[in-house]
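Visitor: just to be clear, the model below is a prediction. Sequence and coordinates:
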Amino acid sequence: MSVPDWELRELYDAAARWLNANDHVHAALAALRELGDLDRIQRLLAERADDLLREGGADAVLAAVRLVPPAARDRETWQLAGEAYQTRGDWAYALD
């Protein structure tokens, strides 16, 4: 028995909201990735970048940024990526 698509989407949506509210940012981002909700991924990145940095450093931010295809990234997401690369000392990538 398979779960209907609409129900699965509702579950991922509820999970993303709960996980974010309970400070499980990485898991919330993964749920949003499953939804394919690039706008919400980018908003969550912008809102919780400091938490991601604190929890996992620049690598955690870059992993989250990679959830959004380059062509779909907004200005803030590119900025976060640049700052994360700068933190790692990857100046060429930071400037790119």
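Guide: Yep, it's here.
Visitor: for the least confident helix or strand in the chain by mean pLDDT, which outside residues touch it?
Guide: Taking mean pLDDT, DSSP states H and E as the measure, helix 91-95 is the helix or strand of the chain with the lowest mean score, a mean of 83. Identification of contacts with helix 91-95 by Cβ atoms under 8 Å, 6 or more residues apart in numbering yields 82-83, 85-86. (C-beta placed from N, C-alpha, C; glycine too.)
Visitor: tell me the one of these nearest residue 29?
Guide: The nearest member of those to residue 29, counting by Cβ to Cβ, is residue 83 at 17.4 Å.
Visitor: what about that closest one, neighbour count?
Guide: For residue 83, the neighbour count with other Cβ atoms under 10 Å is 15.
Visitor: mind listing what it touches?
Guide: Shown in contact with residue 83 (Cβ under 8 Å, 6+ apart): 61, 94.
Visitor: now it, what's its secondary structure?
Guide: helix (DSSP: H, G, I helix; E, B strand; the rest coil).
Visitor: any idea how far it is from residue 34?
Guide: Applying Cβ to Cβ, to the nearest Å, the value for residue 83 to residue 34 is 27 Å.
Visitor: same question, residue 50
Guide: Distance, residue 50 to residue 34, by Cβ to Cβ: 24 Å.
Visitor: the two: which is more packed in?
Guide: Taking other Cβ under 10 Å, residue 50 and residue 34 do not tie; residue 34 has more neighbours (15 against 9).
Visitor: check which helix or strand covers the residue lying closest to the more buried one once chain neighbours are set aside.
Guide: Leaving aside its chain neighbours, residue 34 sits nearest to residue 12 (4.9 Å; criterion: Cβ to Cβ, 6 or more residues apart in numbering). Using DSSP states H and E, residue 12 sits within helix 5-21.
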